[in-house]
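S.K.: Take this sequence and fold it.
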Amino acid sequence: ENFDWTALTRKPYYVPENKSLISLFREFRLKNINFAMVVDEYGNTTGAVTARDLLRGFLIGAKIQEPPIKKIEDRKFIVDAMMPFDEFVEELSLPPQDGFWTTAGSYFIEKLGRIPQKGDEIEVGKIKMKALEVEERSLKLLEVEIVGE
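M.R.: Now for the predicted structure:
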């Protein structure tokens with residue numbers, strides 16, 4: 001009848017999308033909250049996160065987090081496509097590249113010129129890259145070989 005449902009609501013708690021998992025977990029504990037709206041640098045809502053999401057992130061991260069690059073032969077590597085491009089270049093001692101790429105995968109995709117499929121290859125300068133794992137339209141793993149000095 002005259003039930004005031006607004007008394008049950010809370011103001012939303014907003015967090016930036018680049019906030020670390022640990023930092024957000026601490027905030028949740030200190031402020032006794034279990035839900036937050038995630039916003040980008042312009043204040044637009046990009047999603048929501050719950051305490052359960054954070055715990056799942058800790059558990060999954062602890063179990064399967066692997067280094068973004070693994071050496072499999074003398075000059076051959078398996079690379080996570082989400083590895084930051086600057087770290088990729090530094091780790092493989094590659095010369096500076098003209099252009100701006102955020103990840104090793106974005107570099108591969110731009111040089112390929114289309115959405116990759118498993119087995120697609122490119123050769124640029126002294127590196128040869130091959131798409132090892134692709135899920136739907138998302139590049140997951142690359143094989144990278146240093147072919148020249």
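
S.K.: Tell me the first helix or strand C-terminal of the lowest-mean-pLDDT helix or strand in the chain.
M.R.: The helix or strand of the chain with the poorest confidence is helix 51-64; it has a mean of 68 (mean pLDDT, DSSP states H and E). Next helix or strand after helix 51-64 toward the C-terminus (DSSP states H and E): strand 69-73.

S.K.: Remind me what that next one packs against, helices and strands.
M.R.: Packing partners of strand 69-73 (3 or more CB pairs under 8 Å, 6 or more residues apart in numbering; DSSP states H and E): strand 76-80. Yep, even glycine has a C-beta here, placed from its N, CA and C like the rest.

S.K.: Mean confidence (pLDDT) on the strand it packs on, please.
M.R.: Mean per-residue pLDDT for strand 76-80: 94.

S.K.: The residue nearest the centre of the chain in helix, strand or coil?
M.R.: For the chain, the residue nearest the mean C-alpha position is residue 82 (5.1 Å; CA atoms, centre = their mean). Assigned with DSSP: H, G, I helix; E, B strand; the rest coil, residue 82 falls in the coil class.

S.K.: pLDDT value on residue 65, please?
M.R.: At residue 65, the pLDDT value in this model is 51.

S.K.: measure the closest residue to residue 50 other than its chain neighbours to residue 81 for me?
M.R.: Among residues not flanking residue 50 along the chain, residue 35 sits closest, at 5.3 Å (CB to CB, 6 or more residues apart in numbering). Distance from residue 35 to residue 81, counting by CB to CB, to the nearest Å: 31 Å.

S.K.: again with residue 75
M.R.: 20 Å.

S.K.: burial measure for residue 23, as a count.
M.R.: 10 (other CB atoms under 10 Å).
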